[in-house]
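S.K.: here is a sequence together with a model predicted from it:
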Amino acid sequence: MSSGSSQLQDIADRVIAQAARGEQVEAYVARGVETDIRVYEGEVEHFVSAQSEGIGIRVIKDGRTGFAYAGTLDESAIASVLAQARDNVAFGTPDEWAGLAEPDGVAVVPQELWNEALAAYPTADKIALAKELERLTAASDPRVRVDDANYSDGAGETAVATTTGIRVNGRENACYVSVSTLADDGDETQTGFGFSVGRSPHEFDLAKAAREAADRATRLLGAIKPPSKRVTVVLDPYVTAQFLGVISSALNGENVIKGRSLFANRVGESVASPLFTLIDDPTNPKAYTATDIDGEGLAARRNSLIEAGVLQGFVHSSYSARRAGTVSTGNSVRGGFKGTPGVGCLAMQLKPGARTQAELVADVEDGVLIQMVQGLHSGVNPISGDFSTGASGLLISKGQLGAPVREFTIASTLQRMLHDIVEVGGDVDWLPSMAAGVSLVIADVTMSGA
Amino acid sequence: MIEHEVLERVLATALRKGGDFAEVYAEDKSSTSAGLDDGRVEQVSSGRDRGAGIRVVVGETTGFAYTADLSEAGLRAAAEAASAVASQGGAGTRVVSLTRSPAHVVNRIEIYPDTVGKAAKVSLLQRVDEAARSMGGAIGQVSAGYADSRKRIIVANSDGLLAEDEQVRHILRISVVANGDAGMQTGFESLGHTIGFELFDQHDVEELARTAARQAITKLRARPAPSGAIPVVIKAGSGGVLFHEACGHGLEADLVSKGASVYRGKVGELVASPLVTLVDDGTMAGEWGAIGIDDEGHPSQHNVLIQDGVLTDYMWDHLRARKEGHAHSGNGRRQSYMHLPMVRMTNTYVLNGTENAEDIIRDTPYGVYVAKLGGGSVNTASGDFVFGMTEAYLIENGELTDPLREGNLIGNGPQVLRDIDALANDFAMGNPGTCGKDGQGVPVGDGQPTLRVKSMTIGGTAA
């Protein structure tokens, strides 16, 4: 909660002051600016500079909820948003657990979410960064072409006020550079990408982004379709982060109470290998998604989810907690002013082991190092647990990395994969995602190829 | 929304520092949505999005800015910001004179969403919930979502174009969870068209809910899908996403011109089985991807992309068409006024073949029958794509046998197009989709008759 805008807080405060008797009202006000620069062949391809603002208002009365938003902070528009939200209340089904969050006394762990150096960074230098990234990438390998190089930044401020006593505001900014690559060899073309993120451009590592973008594209040239068989897979940290994102759905308290989690009624039971210890900790400043408050305005906090394979509990918002007979874990998430908050993990981290990826690979007799997955949104069902995803990577034979492989799938079920974990690596990578990455070895996965 | 003269003055402001082309895209969108879950209508939401995006093109560079302020002052400020890329300066005043394009009406709307009470919208959800739960005790959970939108757009550019359109959409989504001895399974159905609330008079939403419930219940006895390369038969109206991913994206001129498509330089060549004729058609009235004009103001079109297996053309937006001297194809689309337009599909479908669908199954000794596909994605440069099968059955000795658990199918676009060895005469459109590209989502439709691919890799776990 850096010092945010008193202007936005005033707007939110004025809305909730209009609450009628028996009404709970929440106002969420946001304003943001963004810069988006794309460079192609040494020239700026596009330069986007824009600002947006808006308000979302939730009204709860007699257990019924109504919501409305508008993409403007115009005074008359705000009045109409409140009127619409009130009108919408009548059409909800009464819900005895409906209600806004109330202050719970949990102290906020302050985070440094605002960076003055970024706010003051000149536009010309932003363009120069994208051009430099393009140049470094193109120079890294003669087979590599750059599809586009990008610089993006954003700054946003928000304020929330509720009739139940929540009143918080804050501001945040961040930036990143990214590059997409193409690598050609005869008729074959493969793609790659690289990125670097930071609170300020001074934290970028352009050389690393360029090297990774070139490497991701070239390493797949000449890749073959592997045979179908059961193997041990080593997931790259980038892939593990996506795998944890899938698991998060089953740890979501709302999914549990609504009968959509394969972990329901299993607290205290073994759901994974004893090597698997998972926390959600948005108070860790190393996490890309570190934050001080959740979507309802409560303090974000550290929660233990799975301890040595044993399920500890779920993440909750104030609503899901009320229904489950517990208290919020500070895991309300909100996508912006256009929607009401839901429930979700904020910053997952798997407890790391001790060894490097090379050491993990050395112990694999017959397997694949999975460097990329494709289709996690289409072939994985977190409710049934069915897991099947397209993949590419390198074959592993007798502990040695071998030929590149692509156009195959790896499949199992989430339930089995969690128990089939052989080892967690020590190579934690704080990726720009909701989960930190780390190498992960999983046995007995079906590889489908030729 | 914005007066003719104001648009002319804003375009002049946008070009004051120079530039080859300027455009104003403005929209005013009102939407209503309602969600039901766990037996309760959780909430009704109303939204209003209104604003304009302004771009200025100078050589190969585009400047873009957007604003929610549609006053002349607000638009001029955005025009100034967008014109920052035109730093050469000194072009002086350029007069833009707009000529209104004749209306190109594709979608006929009978009942506008703002004329329908919220109670009627909410009652759809309750009917769906009841119908799904009527399918028996195995149904553990039902959630349903309703959404409507009415969007007016206006596009004006420095070539003198002034065009307007109104897009009205309604969609209903139903998700069902069934519980069995071996865990949970899911079913999903959706109904969405670019028409008014009359949509729900024309379709049986209860039957749609029962279909979603049946899907979940059937999958409770599903066995693991096979692993490896085998023949795949795809049911009519469920596999259009295959063409969307396997070749549609690769035929987008922006990707082609950067050499990021396997179909670059292939116009006039045989790229698919001669059975395949592929069309992208924004004029297909009422379909989810149907539009009167694209988001650059050009009328939607019926574009043949592949004729009898031969690649005939790509899809184009303004920038690519201008650069390569090609005609517009009505494929310049954007998610909202906050986004730059790019080449996008509309309704992409494969025309009928001549065979009978039952015969195709009967002629398949062993394979997988896909009755419903989920989402997919493609790498346009390599052609590798995946898509999920959410309802599938084993084919044994020419007959459908056991239901299969979910999994991904994987293939290479150009290879799969060549491997289509049977095409039926039972064309159907599929479910409404949202196509994502470069962070923007737009509504698209797809369709195809029953067809067989002689070999695709099924990502199951059974040996």
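M.R.: Cool, got the structure. Since we're looking at a predicted model, the values are computed, not measured. Numbering: from 1, shown residues only, chains lettered A, B, ... in the order given.
S.K.: what residues does the stretch 201-350 of chain B put near chain A?
M.R.: B:K219, B:A225, B:S227, B:G228, B:A229, B:K258, B:G259, B:A260, B:V262, B:M338, B:L340 (CB under 8 Å from any CB of the partner chain). Just so you know, the C-beta spots here come from the backbone N, C-alpha and C atoms, and that holds for glycine as well.
S.K.: grab the nearest non-local neighbour of the first one.
M.R.: Right, B:K219. B:Q185 (3.8 Å; CB to CB, 6 or more residues apart in numbering or on different chains).
S.K.: that neighbour looks like it's in a strand, true?
M.R.: Yes - applying DSSP: H, G, I helix; E, B strand; the rest coil, one finds B:Q185 inside a strand.
S.K.: is B:G297 in contact with B:D159, as I believe?
M.R.: No - using CB atoms under 8 Å as the test, B:G297 is too far from B:D159 to be in contact (9.3 Å).
S.K.: and the gap between the residue of the stretch 101-250 of chain A found nearest chain B and A:K338?
M.R.: Here the stretch 101-250 of chain A gets closest to chain B at one residue, A:S228, 4.1 Å apart by CB to the nearest CB. With the distance defined as CB to CB, to the nearest Å, A:S228 ends up 45 Å from A:K338.
S.K.: so between these two, which is more surrounded?
M.R.: Using other CB atoms under 10 Å in any protein chain shown as the criterion, A:S228 and A:K338 rank with A:S228 on top: 22 against 19.
S.K.: who's in contact with the more buried one?
M.R.: By CB atoms under 8 Å, 6 or more residues apart in numbering or on different chains, A:S228 lies in contact with A:F408, A:T446, A:M447, A:S448, A:G449, A:A450, B:S227, B:G228, B:A229.
S.K.: run a quick neighbour tally on the fifth one.
M.R.: Taking other CB under 10 Å as the criterion, the count of residues near A:G449 is 23.
S.K.: now do the same contact list for it.
M.R.: Contacts of A:G449 by CB under 8 Å, 6+ apart are A:K225, A:P226, A:P227, A:S228, A:V405, A:E407, A:F408, A:T409, B:G228, B:A229, B:T457.
S.K.: surely B:G160 meets B:L98?
M.R.: Yes - in terms of CB under 8 Å, B:G160 counts as a neighbour of B:L98; the distance is 5.7 Å.
S.K.: are we agreed that A:Y238 is in a helix?
M.R.: Yes - according to three-state DSSP, A:Y238 belongs to a helix.
S.K.: okay, and which of the contacts of A:S228 map to helices?
M.R.: If you go by DSSP state H, the contacts of A:S228 have nothing in helices.
S.K.: now, which of those residues sits nearest B:D38?
M.R.: Distance to B:D38 across the contacts of A:S228 (CB to CB) is lowest for A:T446, with 34.7 Å.
S.K.: circling back: would you turn the residues of the stretch 201-350 of chain B next to chain A into CSV with secondary structure and neighbour count?
M.R.: Converted to CSV, those look like this (DSSP: H, G, I helix; E, B strand; the rest coil; neighbours: other CB atoms under 10 Å in any protein chain shown):
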residue, secondary structure, neighbour count
B:K219, helix, 24
B:A225, coil, 26
B:S227, strand, 25
B:G228, strand, 22
B:A229, strand, 18
B:K258, coil, 20
B:G259, coil, 14
B:A260, coil, 23
B:V262, coil, 23
B:M338, coil, 21
B:L340, coil, 22
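S.K.: what's the most distant pair in the residues you listed?
M.R.: Top of the distance list for those (CB to CB): B:G228 and B:M338, 44.8 Å.
S.K.: least confident secondary structure element in chain B?
M.R.: Of all helical and strand segments in chain B, the minimum by mean pLDDT, DSSP states H and E falls on helix B:240-243, at a mean of 86.
S.K.: what sits up against that one?
M.R.: So helix B:240-243 is contacted by B:234, B:278, B:348-350, B:373, B:375-376, B:387, B:416, B:429-430, B:433, B:445-448 (CB under 8 Å, 6+ apart).
S.K.: following it, which helix or strand comes up?
M.R.: Reading on from helix B:240-243 to the C-terminus, the next helix or strand found by DSSP states H and E is helix B:253-257.
S.K.: right, and the helix or strand after that following helix?
M.R.: Next along from helix B:253-257, by DSSP H and E: strand B:278-281.
S.K.: who does that next one pair with, and is each partner parallel or antiparallel?
M.R.: Within its sheet, and counting by DSSP bridges, strand B:278-281 is paired with strand B:302-307 (antiparallel), strand B:347-350 (antiparallel).
S.K.: what's it in contact with?
M.R.: Outside strand B:278-281, the residues that reach it (CB under 8 Å, 6+ apart) are B:243, B:247-248, B:251, B:272, B:300-306, B:315, B:329, B:331, B:345-351.
S.K.: what subset of the residues you listed is buried?
M.R.: Listed as buried from the contacts of strand B:278-281 are B:243, B:247-248, B:251, B:272, B:300-301, B:303, B:305-306, B:315, B:329, B:331, B:345-351; burial here means 16 or more other CB atoms under 10 Å in any protein chain shown.
S.K.: pull out the buried positions in stretch A:413-433.
M.R.: A:413-415, A:417-425, A:427-428, A:430-431, A:433.
S.K.: among the residues you listed, which are in helices?
M.R.: Per DSSP H, the subset of the buried residues of stretch A:413-433 in helices is A:L414, A:Q415, A:M417, A:L418, A:H419.
S.K.: what residues are up against the last one?
M.R.: Okay, so that is A:H419. Under the criterion of CB under 8 Å, 6+ apart, the contact list for A:H419 reads A:A272, A:S273.
S.K.: over to the fourth one?
M.R.: In this structure, A:L418 makes contact with A:I247, A:V271, A:A272, A:S273, A:F276, A:G309, judged by CB under 8 Å, 6+ apart.
S.K.: among these, which lie within helices?
M.R.: A:I247.
S.K.: ok, of the contacts of A:L418, which one's closest to chain B?
M.R.: For these, the nearest to chain B is A:V271 (13.3 Å; CB to the nearest CB).
S.K.: give me the spatial nearest neighbour of that closest one, chain neighbours excluded.
M.R.: A:L311 (4.7 Å).
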